[in-house]
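J.: Pasting the sequence and the predicted model now:
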Amino acid sequence: MGANDKIGILTGGGDVPGLNPVIKSVVYGASEIRRAVIGIRNGWGGLTYMTDAEDPSYIRELTRDNTRTIDRTGGTVLHTSRTNPRKVPEAKLPQHLSREQVKRLPFDGKNYDLTSIVLANLERLGIGCLVTIGGDDTLSFSAALSAAGFPVIAIPKTMDNDVHGTEYCIGFSTAVTRARQSITRQRTTIGSHERIGIFRIFGRDAGFTALYTAYVTSTRCLIPEHRFDLDRVCGLLMEDKANNPSNYALVIASEGAMWTHGQVKEYGEADAFGHRKKVDIGAALAEEIEKRTGQETMVSDLTYDLRSGEPDSIDQIVAITFANIAVELIREGVTGCMIGIRNGCYTHVPLRELSHGARKVDVATLYNSDRYRPNYHSKLGAPLFFSGS
């Protein structure tokens with residue numbers, strides 16, 4: 001093995017079920033081509049704050065022995081963070097950097113760009129190719145490293161399924177499966193009290209998770225891509241209650257959904273990638289529904305629970321396959337790409353061609369904006385997963 005033949009791997013952003021199967025499969029595949037694997041803890045934070053090549057806080061050698069059982073659990077054994085090396089405020093600079101090193105870093109008046117530090121640390125670790133697993137934020141810095149000439153292979157993960165260049169992201173199937181199970185269980189309570197059940201679900205800018213969950217639970221859904229008429233929604237829910245022998249109704253709302261002329265309010269400080277938390281649409285919607293209908297509501301937050309625990313079979317299959325494709329590409333010398341699914345088939349796309357920001361639901365073909373339901377028609381010849389716009 002040469003001086004820079006090691007494979008590095010990290011997970012960034014929010015955790016989802018399926019990350020550990022990727023890590024294990026990369027390690028096992030790499031062992032077959034005689035490549036060592038270095039695990040980088042805390043996402044981009046590890047490559048930003050590590051002090052040396054053996055820093056136990058951030059660097060971990062991965063082997064077949066210490067990854068043998070990790071695919072049976074959720075989360076990520078490498079842990080994660082939302083560190084953005086291109087935007088590090090002075091208060092969060094690595095303490096071991098000298099004043100001279102800091103002076104040489106690009107500075108925009110507010111934040112420092114530590115891309116050069118990350119590249120130097122990759123060199124110190126002897127890493128010849130980096131496998132990054134994450135959503136749009138993680139992938140954006142992956143693309144920056146690739147543009148700087150460093151070999152990178154990216155693997156998309158997000159419960160929102162909103163990464164450009166792929167129809168599927170690891171974590172999505174488990175999120176929908178868990179949401180369906182939770183809604184099915186809670187029907188008994190909502191029905192017993194004859195209420196309107198409101199389920200808030202992840203989806204800042206894209207409604208795929210709410211749309212799929214509504215698809216498999218036969219419920220109505222509200223998504224960020226389409227402003228909804230609040231009175232129309234209230235009327236439909238009252239209609240649902242009247243037609244239901246148990247006298248209850250359900251609606252799923254993406255966290256970024258909002259009614260016409262309403263405002264999606266945010267609060268708190270922005271994270272390293274500029275995202276602030278959104279005010280709870282579930283509570284706001286419940287208040288408006290009760291005001292307009294006089295009906296009692298029940299709000300349930302289906303967010304963090306959906307990303308916890310072990311992956312379902314679909315996420316396990318996709319995670320293992322993405323990982324093995326990554327190793328095959330490394331063996332063939334192909335880098336600078338993201339592995340994904342297009343038209344139902346596994347593929348890879350150049351990182352430089354990926355658009356950033358959320359991939360959106362194609363409202364015209366996938367969403368019934370009059371009934372606030374998924375479109376169940378014209379599926380013949382369509383890929384297994386709903387494609388975006």
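T.: Okay, I see it. These figures come from a predicted structure and were not determined experimentally.
J.: Specify the local secondary structure of the residue nearest to R104 when sequence neighbours are not counted.
T.: Closest residue in space to R104, ignoring its immediate chain neighbours: S116 at 7.8 Å, by C-beta to C-beta, 6 or more residues apart in numbering. The way it works is simple: take the backbone N, C-alpha and C, and place the C-beta from them, glycine included. Here S116 is recorded as helix under DSSP: H, G, I helix; E, B strand; the rest coil.
J.: got it, and the one 4 residues further on?
T.: For A120, the secondary-structure state derived from three-state DSSP is helix.
J.: residue contacts, the most centrally placed residue in the chain?
T.: In the chain, the centroid-proximal residue (C-alpha atoms, centre = their mean) is T158; its distance is 1.8 Å. By C-beta atoms under 8 Å, 6 or more residues apart in numbering, the contact set of T158 is 13-14, 16, 134-136, 169-172.
J.: what do you get for G134?
T.: Here G134 is in contact with 11-13, 43, 142, 154-158 (criterion: C-beta under 8 Å, 6+ apart).
J.: Over to Q95?
T.: By C-beta under 8 Å, 6+ apart, Q95 has no neighbours at all.
J.: Then A175?
T.: When contacts are counted by C-beta under 8 Å, 6+ apart, A175 is found next to 16, 159, 202, 209, 306-307.
J.: part of a helix, is it?
T.: Yes. Under three-state DSSP, A175 falls within a helix.
J.: L384 versus that one, what's the distance?
T.: 16 Å (C-beta to C-beta, to the nearest Å).
J.: Quick check, G46 in contact with I59.
T.: Yes. Look at G46 against I59 with C-beta atoms under 8 Å: they come within range, at 7.0 Å.
J.: Who has more neighbours out of those two?
T.: Shown here are G46 and I59; by other C-beta atoms under 10 Å, G46 has more neighbours (28 against 21).
J.: list the buried ones in stretch 55-66?
T.: Within stretch 55-66, the residues that count as buried by 16 or more other C-beta atoms under 10 Å are 55, 58-60, 62.
J.: Now do that stretch: everything it contacts.
T.: Contacts of stretch 55-66 (C-beta under 8 Å, 6+ apart): 9, 23, 27-28, 31, 36-42, 45-47, 49-50, 53, 78, 125.
J.: again, 10 Å this time
T.: Contact with stretch 55-66 is made by 6-10, 23-24, 26-28, 30-31, 36-43, 45-54, 70, 77-79, 96, 121, 124-125, as judged by C-beta atoms under 10 Å, 6 or more residues apart in numbering.
J.: Over to stretch 308-315?
T.: Against stretch 308-315 from outside (C-beta under 10 Å, 6+ apart): 15-22, 71-75, 157, 168-178, 316-319, 384-385.
J.: sorry, back to before: just the buried ones from the contacts of G134?
T.: Taking 16+ other C-beta under 10 Å as the criterion, what is buried in the contacts of G134 is 11-13, 43, 142, 154-158.
J.: Inside helices: which ones of these?
T.: S142 (DSSP state H).
J.: can you redo the buried ones among the contacts of G134 as TSV with distance to K291 and pLDDT?
T.: Formatted as TSV, those follow (distance: C-beta to C-beta, whole Å; pLDDT from 0 to 100):
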residue	distance to K291	pLDDT
T11	43	97
G12	41	95
G13	37	90
G43	43	96
S142	46	96
A154	46	97
I155	45	98
P156	41	97
K157	39	97
T158	34	94
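J.: Now for the buried ones among the contacts of G134: which two are most distant?
T.: Farthest pair in those (C-beta to C-beta) is G43 and P156. Separation: 14.8 Å.
J.: Next, the contact list for E194, please.
T.: With C-beta under 10 Å, 6+ apart, E194 has these contacts: 241, 244, 246-249, 295-296.
J.: sorry, back to before: the residue nearest to R104 and P85 touch, don't they?
T.: Yes. With contacts counted by C-beta atoms under 10 Å, S116 reaches P85, the gap being 9.3 Å.
J.: So those two - more neighbours on which side?
T.: P85 (24 against 14).
J.: all helices of the stretch 1-150 of the chain, in order?
T.: 19-32, 44-49, 99-103, 115-124, 136-147 (DSSP state H, counting those that start in this stretch).
J.: Could you single out the most deeply buried of the ones you listed?
T.: Among the helices of the stretch 1-150 of the chain, ranked by average contacts under mean count of other C-beta atoms under 10 Å, first place goes to helix 44-49 (a mean of 26).
J.: Much appreciated, bye for now.
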